[in-house]
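Colleague: This is the structure alone, sequence omitted:
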């Protein structure tokens, strides 16, 4: 074993360790891999960035744009409304409708996007039908993961497996090569999720009202004792200062989220922007602890006079209060609210944070935000409406006063036709998958389904960088002989076994890694090993690669296994063990089905 092989193995283990540690963003880790390989000289500079020129990256980017077009034109939202009409208020009936629909959508669009779209739909269904959200949200997440198994474009691991076959001079997978295996897993999984899984899931109570009041929000976030009304006296030092220049947050850890300013006939409640100037006689609606409020009053001349319930209830009629969760692509992740300039960027105040289902204390402004955090926001309705783009946030609770942004319904037929034509071209083989996807993405923009800014925002750059950054590591393993050593090790362990047992070993290895690191990164690493083992055994590589692709999507057993699991954890009030209890049996079912069906479709 030479020094280059040791270096590559060391880099591989450090990379996997950083993925599991989860303190550094995965795309940054991937770029660290690229830079390390470039500096080491193990592969050429051109090879270290070769991942960014792969057709796989361009195809995935194009699919992000196509999926955004389906969302912007209201096609996906219409599907959610149809589920409620068809499912009624019966839990099992709703799941029987929801699971196939979500799986079907995830077969053609991002699983994360599908789940982000359906979380508010499912929460609304649960409120209307008086059902527990915990019974619906985990099945929603798992249905999207299974749906990704069903087509070539359903999930990046499928496309990685196909392109790896092609790169090895073999025939790539066709569009529906995954459908038979994924379809059987969906069928068995639906029965399991509808009739067995609910008995394993926690029972979290539903809310009585369809839309929560500020008081209910305050209780949920444990801020009911930290809301105050402060009157600005005529001699206050706050007069004439902007909310930003008054430094209330940094000096007193007090957040002013609204100002009541008297008029001739009635008083008006106005949202607070960073440039809003404080006037004498203003009533500040603020959030903070008692000590901070007391110091603020003493030092600035403001006067405290409580925050009665009628004021809280009246706010929901005049002022926006909403609950959102950070999306995995949010630029706020890793930053404090101040560092992210939340108020300046979104014109909304954060007055509470839930992390892992538990409220943070009043000093949450000092904490860096994490993926999956739920934020309680206060501000003007039009600014809350702007969050409906869901590029950085998933709207969990929509107050009744909020009028949802209207979709481009007139473009919905165009979006549907574009998607159908794209699929037809890919299935028929009339043109390459890359060309068909690029044409569809371009058509979404040219027909007005989305504009260019929306197209650019739809690109999940972190996912693209992750894939492009990991591909050179697989290349380095191949060039240095590290890949051959891994293959020899597995061959010694499994070489005398039947092909089914070898595939079982690959499935377990891939599935276990996918519980802790990106399933795409796992596929990039394991796929070359699977091809080499198949060729070493003198067998058809297709069943081995199919096994790896399916196993990579069985990210059921941990909340960090996939972004879709993390998205449902907070609104479903799940614990880590809940994913193990429900997800592990589903993984074992997928293992048995894959090892049974794959040899029938792709003989060894």
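Modeller: Sure, I can see it. None of these values were measured; they are calculated from a predicted model.
Colleague: nearest residue to residue 507 other than its sequence neighbours?
Modeller: The shortest distance from residue 507 to any non-neighbouring residue, by Cβ to Cβ, 6 or more residues apart in numbering, is to residue 551 (4.3 Å). Just so you know, the C-beta spots here come from the backbone N, C-alpha and C atoms, and that holds for glycine as well.
Colleague: Can you identify the element that follows the host helix or strand of that neighbour toward the C-terminus?
Modeller: In this assignment (DSSP states H and E), residue 551 forms part of helix 541-552. Towards the C-terminus, the helix or strand next in line after helix 541-552, according to DSSP H and E, is helix 563-572.
Colleague: mean confidence score for the next helix or strand after that next one?
Modeller: Next helix or strand after helix 563-572 toward the C-terminus (DSSP H and E): helix 576-601. If you average the pLDDT over helix 576-601, you get 94.
Colleague: about what we covered before: I'd like the average pLDDT over the helix holding residue 551.
Modeller: Across helix 541-552, pLDDT averages out at 95.
Colleague: Does anything pack onto that helix? Which helices or strands?
Modeller: helix 156-167, helix 179-195, helix 499-514, helix 519-536, helix 576-601 (3 or more Cβ pairs under 8 Å, 6 or more residues apart in numbering; DSSP states H and E).
Colleague: mind redoing it with 10 Å?
Modeller: For helix 541-552, the contact count by 3 or more Cβ pairs under 10 Å, 6 or more residues apart in numbering; DSSP states H and E identifies helix 134-148, helix 156-167, helix 179-195, helix 499-514, helix 519-536, helix 576-601 as packing neighbours.
Colleague: Quickly list the domain ranges of the protein.
Modeller: 7-205+415-601, 211-399 (automatic domain parsing).
Colleague: Could you dump those domains into a markdown table and include distance to residue 409 and mean neighbour count?
Modeller: Written out in a markdown table, the entries for those read as follows (distance: least, Cβ to Cβ, whole Å; neighbours: other Cβ atoms under 10 Å):
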| stretch | distance to residue 409 | mean neighbour count |
| --- | --- | --- |
| domain 7-205+415-601 | 5 | 20 |
| domain 211-399 | 15 | 18 |
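Colleague: between these, which gets the lowest average pLDDT?
Modeller: Mean pLDDT per stretch puts domain 211-399 lowest among the domains of the chain, at a mean of 77.
Colleague: ok, and the closest non-adjacent residue to residue 348?
Modeller: Counting by Cβ to Cβ, 6+ apart, the nearest residue to residue 348 once its immediate chain neighbours are dropped is residue 379, at 3.6 Å.
Colleague: For the one you found, give its distance to residue 259.
Modeller: 12 Å (Cβ to Cβ, to the nearest Å).
Colleague: Quick check: phi and psi on the nearest residue to residue 603 once chain neighbours are set aside?
Modeller: Nearest-residue entry for residue 603: residue 540, 6.6 Å, with adjacent residues in sequence omitted and distances by Cβ to Cβ, 6+ apart. The phi and psi values for residue 540, taken as degrees, to the nearest 10, are phi -70, psi 120.
Colleague: ok, now which ones touch residue 540?
Modeller: By Cβ atoms under 10 Å, 6 or more residues apart in numbering, the contact set of residue 540 is 170, 499, 534, 599, 602, 603, 604.
Colleague: got CSV for those, with distance to residue 107 too?
Modeller: Formatted as CSV, the entries for the contacts of residue 540 read as follows, by distance: Cβ to Cβ, whole Å:
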residue, distance to residue 107
170, 24
499, 28
534, 26
599, 23
602, 20
603, 25
604, 27
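Colleague: about what we covered before: can you pull the contacts of the residue nearest to residue 348?
Modeller: Contact analysis of residue 379 by Cβ under 10 Å, 6+ apart lists 257-258, 271-273, 319-322, 343, 346-351, 386-387.
Colleague: taking those residues one by one, which sit in strands?
Modeller: Using DSSP state E, the members of the contacts of residue 379 that fall in strands are 257, 258, 271, 320, 321, 322, 348, 349, 350, 351.
Colleague: Could you save the residues you listed as CSV and add columns showing distance to residue 149?
Modeller: Supplementary listing: these in CSV, determined by distance: Cβ to Cβ, whole Å:
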residue, distance to residue 149
257, 45
258, 48
271, 45
320, 40
321, 40
322, 34
348, 38
349, 42
350, 38
351, 41
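Colleague: and of these, the nearest to residue 139?
Modeller: Sorting the ones in strands among the contacts of residue 379 by distance to residue 139 puts residue 322 at the head of the list, at 25.5 Å, by Cβ to Cβ.
Colleague: Correct me if wrong: the closest one contacts residue 375.
Modeller: Yes: applying Cβ atoms under 10 Å, one finds residue 322 in contact with residue 375, separated by 9.0 Å.
Colleague: before we move on, back to that, I'd like the domains of the chain as a markdown table, with distance to residue 408 appended.
Modeller: Conversion of the domains of the chain to a markdown table gives the following (distance: least, Cβ to Cβ, whole Å):
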| stretch | distance to residue 408 |
| --- | --- |
| domain 7-205+415-601 | 5 |
| domain 211-399 | 13 |
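Colleague: quick one: common contacting residues for residue 322 and residue 375?
Modeller: Overlap between the neighbourhoods of residue 322 and residue 375 consists of 348, 393, 396, taking contacts as Cβ under 10 Å, 6+ apart.
Colleague: distance of the first one from residue 47?
Modeller: Summarising the geometry, the distance separating residue 348 from residue 47, computed by Cβ to Cβ, is 46 Å.
Colleague: How about the second one?
Modeller: Taking Cβ to Cβ as the measure, residue 393 and residue 47 are separated by 38 Å.
Colleague: helix, strand or coil for the residue of the chain most remote from its centre?
Modeller: The outermost residue of the chain, judged by C-alpha distance from the chain's mean C-alpha position using Cα atoms, centre = their mean, is residue 235 at 49.5 Å. Following DSSP: H, G, I helix; E, B strand; the rest coil, the label given to residue 235 is coil.
Colleague: before we move on, what about the one 3 residues further on?
Modeller: Following three-state DSSP, we place residue 238 in the coil state.
Colleague: thought it was touching residue 280?
Modeller: Yes: Residue 238 sits in contact with residue 280 when judged by Cβ under 10 Å, with a separation of 8.8 Å.
Colleague: Just list whatever residues bridge to residue 232.
Modeller: Listed beta-bridge partners, residue 232: residue 302 (assigned using DSSP bridges).
Colleague: show me what contacts it?
Modeller: Residue 232 touches 238-239, 259, 261, 278-284, 300-303, counting by Cβ under 10 Å, 6+ apart.
Colleague: ok, of those residues, which one's closest to residue 156?
Modeller: residue 259 (47.5 Å).
Colleague: wait, the closest one sits on residue 282?
Modeller: Yes: if you go by Cβ under 10 Å, residue 259 and residue 282 touch, sitting 5.2 Å apart.
Colleague: Helix, strand or coil: sort out residue 244 for me.
Modeller: Using three-state DSSP, the three-state assignment for residue 244 comes out as coil.
Colleague: which residues does it contact?
Modeller: 272, 273, 274, 275, 276, 343, 344.
Colleague: Check residue 37 too.
Modeller: Contact partners of residue 37, counting by Cβ under 10 Å, 6+ apart, are 7-8, 11, 43-45, 47-49, 469, 472-473, 475-476.
Colleague: so of these, which ones are in helices?
Modeller: 7, 8, 11, 45, 47, 48, 469, 472, 473, 475, 476 (DSSP state H).
Colleague: Nearest to residue 329 among those residues?
Modeller: For the ones in helices among the contacts of residue 37, the nearest to residue 329 is residue 469 (16.5 Å; Cβ to Cβ).
Colleague: Does that closest one touch residue 38 like I think?
Modeller: No: under the criterion of Cβ under 10 Å, residue 469 makes no contact with residue 38, lying 11.3 Å away.
Colleague: any common contacting residues for the two?
Modeller: Residues touching both residue 469 and residue 38 (Cβ under 10 Å, 6+ apart): 48, 49.
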